[in-house]
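**Q** I'll drop the sequence and a predicted model, then ask my questions.
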Amino acid sequence: MTARWWRISLGALLAAALISIGGAGAVVLGLGGNDYPAAESVDAGFSRDMSTHHRQAVLMAGLARDRSADSEVALIAYDIETTQLNQLGQMQGWLSLWGLSQSIGEPMGWMVGHGGMDMSGSGPGLMPGMASSKELDDLRSAEDVDFDLLFLQLMIRHHQGGTQMASYAADHAEATAVATLARSIANSQGAEIETLTDMLTARGGIPLPVP
């Protein structure tokens, strides 16, 4: 087995483990009892949409972890991947605990319906900051420094959209555990935006427009 395929196999095992751990943790983080959030609530909408948002970040970070020759880029990609896999497991665990569908339905309805984010500028089916199919294809085909620059650009924008969603959920979620996770995501991704931007600038890149 080559070193690259060994890393990919380890990444797949890590993903499964972190989702399981996150899901188990969701059950013990103050979400017991029978008074569960409704399907149209901020809590449920955030858990569904941020799960989808996280999946794309995990996809992009996994590519960077395996392909970047820049050790600093590979390291932060690994950190993003592991952190968001764990958070993804928590949110999927909540939805399962609440007996709610994990499908998206109308993206961001939990914000739009509560006077939140304007989705008019987002692409079809995309939430704020998410990369388009073409951008993901471009990332997959990029090489060397071009790959690193595009990854950093896409991840900065992805985090910018994610912090908007998380900040709203932190202020409006009813379940304490959901609001706490949302605030943690907003704070950690806000800090990562600064780090990623510094890395991009040091490599001669310019951030994409804020979503």
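**A** Sure, I can see it. For clarity, every value in this text was computed on a predicted model and none was experimentally measured.
**Q** the helices in this structure, which residues?
**A** In the chain, the segments counted as helices under DSSP state H are 3-28, 42-67, 71-98, 109-112, 133-141, 144-172, 176-202.
**Q** Which among those helices is found nearest to residue 36?
**A** helix 71-98 (4.1 Å; C-beta to C-beta). (Glycine included, C-beta is placed from N, CA and C.)
**Q** circling back to that earlier point, out of the helices of the chain, point me to the one whose mean pLDDT is lowest.
**A** Out of the helices of the chain, helix 3-28 stands lowest, with a mean of 47 (criterion: mean pLDDT).
**Q** list the buried ones in stretch 69-85?
**A** In terms of neighbour count (16 or more other C-beta atoms under 10 Å), stretch 69-85 has its buried residues at 70, 73, 74, 76, 77, 78, 80, 81, 82, 83, 84, 85.
**Q** I misspoke; the intended subject was stretch 140-149.
**A** Of the residues in stretch 140-149, those buried (16+ other C-beta under 10 Å) are 142, 147, 148, 149.
**Q** residue contacts, the second one?
**A** Residue 147 sits next to 64, 67, 68, 139 when contact means C-beta atoms under 8 Å, 6 or more residues apart in numbering.
**Q** looking at the residues you listed, which has the most residues close by?
**A** residue 64 (25 neighbours; other C-beta atoms under 10 Å).
**Q** Grab the nearest non-local neighbour of residue 199.
**A** Once flanking residues are discounted, residue 199 sits nearest to residue 152: 5.8 Å by C-beta to C-beta, 6 or more residues apart in numbering.
**Q** What is the neighbour count of the one you found?
**A** For residue 152, using other C-beta under 10 Å, the count is 28.
**Q** measure the residue most central in space within the chain to residue 146 for me?
**A** What sits nearest the mean C-alpha location of the chain, by C-alpha atoms, centre = their mean, is residue 54, with 2.3 Å. Applying C-beta to C-beta, to the nearest Å, the value for residue 54 to residue 146 is 25 Å.
**Q** Equivalent analysis for residue 60, please.
**A** For residue 60, the distance to residue 146 (C-beta to C-beta) stands at 15 Å.
**Q** Would you agree residue 157 is in contact with residue 206?
**A** No. Residue 157 lies out of contact with residue 206 (C-beta atoms under 8 Å); the separation is 11.8 Å.
**Q** ok, the two, which is more surrounded?
**A** Legend: neighbour count by other C-beta under 10 Å for residue 157 and residue 206, higher for residue 157 (22 against 9).
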